[in-house]
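Q: here is my input, please return the structure:
(chains A and B)
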Amino acid sequence: MNPAPEIRNDVPQIEIAGVTKSYGNGPAVLQSLDLTVCREEFVSIISPSGCGKSTILKLISGLTAPTSGTIRVEGMTPQNARETVSYVFQEATLLPWRTVTANIGLSLELEGVASDRRKKTIASLLALVGLNHVAGAYPRELSGGMKMRVSIARALATSPRLLLLDEPFAALDEMSRDRLNEEILRLRSEQKWAAVFVTHSVAEAAFLSDRIVVLAPNPGRIHAVFPVDLPSPRVAALRTSPEFDALVSRVSHALRETLAA
Amino acid sequence: MKQRLLTAVNALVVFAALLVLWQIVLWVFRVPPYMLPTPYAVAKAVHTRLPTLLNSLAITAEESAGGLAASIAVGVVIALVFAQSRWVRKMFYPYTLLLQTVPIIAVAPLILMWVGAGEPAVTLIAFIISLAPIIANTTQGLISVDENLVHLFLMHSASRAQLLFKLRLPHAVPSLFVGIRIASGIAVIGAVTGELYAGSSQVGVGGLGYSILYAWSQLQTDYLFALVFATTVLGFCFFFLVMFMEWYFLHRWHESARVPEAE
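A: Sure, this is the predicted structure:
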């Protein structure tokens, strides 16, 4: 057996270089964006509304092409790298006619994974996100937080090395949101994926990330980058610590600057 | 359950009241029986001519069901084609509107000329008249899929067939049923209307529409009423059958098909 390749955290997972994006003949949504995300790194992107945050995720996943500049994911074009990437949307976007189990299995099914292997993966994911008791339920029977868990489990089913999260918890109440944030940290410590996490919430970004990128609007561009040096493992109590408060207020300040400019 | 029983009882009470009102009108205005027969005469007509009536009912039911089944099959296929490209939709969609707006009564003589009188002609009329709502609703269902779900499928390298059969088609089933519900009503109307023209290949024996004309020409007003009643019953049966199928296929996952809790 070959030894598992050593994973080094300074190897880039995503390289975005000089990317500008405009739709049709409209004004640029993103302007000369440069951003590198390393293996296993968790980067949050935060900005006022309408800075092309979601566009960044669409570019990384190859759902849309940049007007100029290049994007590489693990050295490949975004389209070729899709196998390594999963996307979690703002809404849970489940198939309402499928049970929780069948929804989690969807991504594997589309990629042609055999059914016995699929069943094994689904079973372990159900346990991982705590959904065993609703395995046979349909989405409409679930709460918002549970639907989001299904959506996350579905994304993790293909063992991605990169997770793109587009404001996944924006529609949830604060309690479910905090719980899911802790869940995300736990899953990540077990599975070691890199993530680009788009959010409106400074506290959420601070709690989850290794790095926070603040975008300025019109056109979307990088305004400031904050490395996050909070102790790990991160636990719920961190949210009330002074370091956490200090970071949140620095990021919030930067966010306000983008509006003043 | 108790609620539904109560609803049924209420409906029966209204029916009884209408019968009484009918009888009172006959007494007060002294209407001759060939204009308006008594409820009893109608019931008697139903009883004495039951085999003929059932035969007519069966013929019309068969024509309507055949027309409806054909329009579901053809309509879904057309909708699947429409869902493939915006251009195809733009080119052909106006013609489905034509299907809906052309007065079937005006076209019926042509169909008679081409197909000849009898059940096939009537089935064809029921098919034509019920096709448009199936196409329109199913197409709408197929193309109104959440964009993010399409993205999700593309992210996991879904094929065109997977997109169609695992996403668009199941998503369109509730809309398809909306179409079928509308179509089922007009398929019956289409069949009865068709029979008024294309009637029967055999004198005196035919579906409800044909028998209505026949009873009218013979001034058998009591039987005419029985036939109208039978037509209504047929329409009801179709409607409830479709409702039941809709419930059966959708109740586990779709909001619209849930049996509402007792209020």
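Q: next one: phi and psi at B:Ser157?
A: Comment: the main-chain dihedrals of B:Ser157 come out as phi 50, psi 50, following degrees, to the nearest 10.
Q: ah, wrong one, I meant A:Gln31
A: Listed backbone geometry of A:Gln31 is phi -130, psi 120, with angles given as degrees, to the nearest 10.
Q: also A:Phe42?
A: Taking degrees, to the nearest 10 as the convention, A:Phe42 sits at phi -110, psi 110.
Q: check what pLDDT it gets.
A: Confidence per residue is given as pLDDT, and for A:Phe42 that number is 94.
Q: hmm, it is touching A:Thr199, no?
A: No - taking contact to mean C-beta atoms under 8 Å, the distance of 11.7 Å between A:Phe42 and A:Thr199 leaves them out of contact. Bear in mind the C-beta positions are built from the backbone N, C-alpha and C, glycine included.
Q: distance of A:Val37 from A:Arg186?
A: Plainly put, A:Val37 is 21 Å away from A:Arg186 if you go by C-beta to C-beta, to the nearest Å.
Q: hmm, I typed the wrong one, I wanted A:Arg211.
A: Computed with C-beta to C-beta, the distance linking A:Arg211 and A:Arg186 is 20 Å.
Q: these two - which one has more neighbours?
A: Using other C-beta atoms under 10 Å in any protein chain shown, the more surrounded residue of A:Arg211 and A:Arg186 is A:Arg211, with 17 against 14.
Q: now the more buried one. Its backbone dihedrals?
A: Backbone phi and psi, for A:Arg211 under degrees, to the nearest 10, turn out to be phi -150, psi 140.
Q: so who does it touch?
A: Contact analysis of A:Arg211 by C-beta atoms under 8 Å, 6 or more residues apart in numbering or on different chains lists A:41-44, A:225-228.
Q: try 10 Å
A: Taking C-beta atoms under 10 Å, 6 or more residues apart in numbering or on different chains as the criterion, A:Arg211 is in contact with A:35, A:37-38, A:41-45, A:205, A:225-228.
Q: mind pulling up the phi and psi values for the residue nearest to A:Val19 when sequence neighbours are not counted?
A: In space, A:Val19 comes closest to A:Gly69 once its chain neighbours are excluded; the distance is 3.5 Å by C-beta to C-beta, 6 or more residues apart in numbering or on different chains. Dihedral angles phi and psi of A:Gly69 (degrees, to the nearest 10) take the values phi 90, psi 180.
Q: mean confidence (pLDDT) on the helix ranked longest in chain B, please.
A: Identified as the longest helix of chain B according to DSSP state H is helix B:50-84. Per-residue pLDDT values across helix B:50-84 average out to 94.
Q: wait, isn't B:Ile59 in contact with B:Gly194?
A: No - the criterion here is C-beta atoms under 10 Å, and B:Ile59 misses it with B:Gly194 at 11.4 Å.
Q: overlap in contacts of those two?
A: Overlap between the contact sets of B:Ile59 and B:Gly194, as judged by C-beta under 10 Å, 6+ apart, is given by B:119, B:122, B:207, B:209-210.
Q: so which of those is the most crowded?
A: Taking other C-beta under 10 Å as the neighbour criterion, B:Val122 ranks highest of the shared contacts of B:Ile59 and B:Gly194 with 36 neighbours.
Q: nearest residue to that residue other than its sequence neighbours?
A: Sequence neighbours aside, B:Gly194 is the residue nearest to B:Val122 in space, at 3.9 Å (criterion: C-beta to C-beta, 6+ apart).
Q: and the gap between that neighbour and B:Thr231?
A: Distance, B:Gly194 to B:Thr231, using C-beta to C-beta: 13 Å.
Q: and these two? which has more neighbours close in?
A: When B:Gly194 is set against B:Thr231 and neighbours are counted by other C-beta under 10 Å, the residue ahead is B:Gly194, at 32 against 22.
Q: helix or strand: which one has that one?
A: Assigning secondary structure by DSSP states H and E places B:Gly194 in helix B:169-198.
Q: again, but for A:Leu163
A: When the helices and strands are read off by DSSP H and E, the one containing A:Leu163 is strand A:162-166.
Q: what pairs with that strand, parallel or antiparallel?
A: strand A:85-88 (parallel), strand A:194-199 (parallel) (DSSP bridges).
Q: single out the most deeply packed of those.
A: Burial among these, expressed as mean neighbours by mean count of other C-beta atoms under 10 Å in any protein chain shown, is greatest for strand A:85-88, which shows a mean of 27.
Q: ok, then the element right after that strand?
A: For strand A:85-88, the succeeding helix or strand toward the C-terminus, using DSSP H and E, is helix A:100-110.
Q: where in the stretch 1-150 of chain A is pLDDT low?
A: Within the stretch 1-150 of chain A, the stretches falling below the threshold (pLDDT under 70) are A:1-9.
Q: can you list the residues of it near chain B?
A: When proximity is defined by C-beta under 10 Å from any C-beta of the partner chain, the stretch 1-150 of chain A lies next to chain B at A:57-58, A:61-64, A:79, A:82-83, A:85-99, A:106-112, A:137-141.
Q: can you name the residue of the stretch 51-200 of chain B nearest chain A?
A: B:His156 (4.1 Å; C-beta to the nearest C-beta).
Q: for the closest residue to that residue other than its chain neighbours, the count of nearby residues, please.
A: Once its chain neighbours are removed from consideration, B:His156 has its nearest residue in A:Leu110; the separation is 4.1 Å (C-beta to C-beta, 6+ apart). Other residues near A:Leu110 come to 21 when the count uses other C-beta under 10 Å.
Q: look up how far A:Ser61 lies from A:Leu110.
A: 15 Å.
Q: B:Leu164 touches B:Gln84, doesn't it?
A: Yes - between B:Leu164 and B:Gln84 there is a contact at 8.4 Å, judged by C-beta under 10 Å.
Q: mind giving me the PyMOL select for the contacts of A:Arg211, buried ones only?
A: The command below creates a PyMOL selection of those among the contacts of A:Arg211 that count as buried (16 or more other C-beta atoms under 10 Å in any protein chain shown):
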select buried, chain A and resi 35+37+38+41+42+43+44+45+205+226+228
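Q: adding secondary structure, write the contacts of A:Arg211 out as TSV.
A: Written out in TSV, the entries for those read as follows (DSSP: H, G, I helix; E, B strand; the rest coil):
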residue	secondary structure
A:Leu35	strand
A:Val37	strand
A:Cys38	strand
A:Glu41	coil
A:Phe42	strand
A:Val43	strand
A:Ser44	strand
A:Ile45	strand
A:Ala205	helix
A:Val225	strand
A:Phe226	strand
A:Pro227	strand
A:Val228	coil
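Q: rewinding a little: go through the helix holding B:Gly194 and flag the buried ones.
A: For helix B:169-198, the neighbour count (16+ other C-beta under 10 Å) marks B:169-198 as buried.
Q: list the helices and strands that helix packs on?
A: helix B:50-84, helix B:104-115, helix B:119-143, helix B:208-217, helix B:221-250 (3 or more C-beta pairs under 10 Å, 6 or more residues apart in numbering or on different chains; DSSP states H and E).
Q: can you tell me which of the ones you listed is most buried?
A: When these are scored by mean count of other C-beta under 10 Å, the highest mean neighbour count falls to helix B:119-143 (a mean of 24).
Q: give me the angle between that one and helix B:50-84.
A: 40 degrees (axes from the mean of the first three to the mean of the last three C-alpha atoms, to 10 degrees).
Q: immediately after helix B:119-143, which helix or strand?
A: Criterion used, DSSP H and E; the element after helix B:119-143 is helix B:147-155.
Q: need the contact partners of that next one.
A: Contacts of helix B:147-155 (C-beta under 10 Å, 6+ apart): A:57-58, A:61-64, A:79, A:82-83, A:85-95, A:106-107, A:110, A:151, A:154-155, A:158, A:160, A:164, A:166, B:145-146, B:158-159, B:162-163, B:166-168, B:171.
Q: burial measure for A:Pro242, as a count.
A: 7.
Q: sorry, back to before: isn't the residue nearest to B:Val122 up against B:Ile128?
A: Yes - the pair B:Gly194 / B:Ile128 is scored as a contact, 9.3 Å apart, by C-beta under 10 Å.
Q: and for those two, which residues touch both?
A: Common contacts of B:Gly194 and B:Ile128 (C-beta under 10 Å, 6+ apart): B:67, B:104, B:108, B:111.
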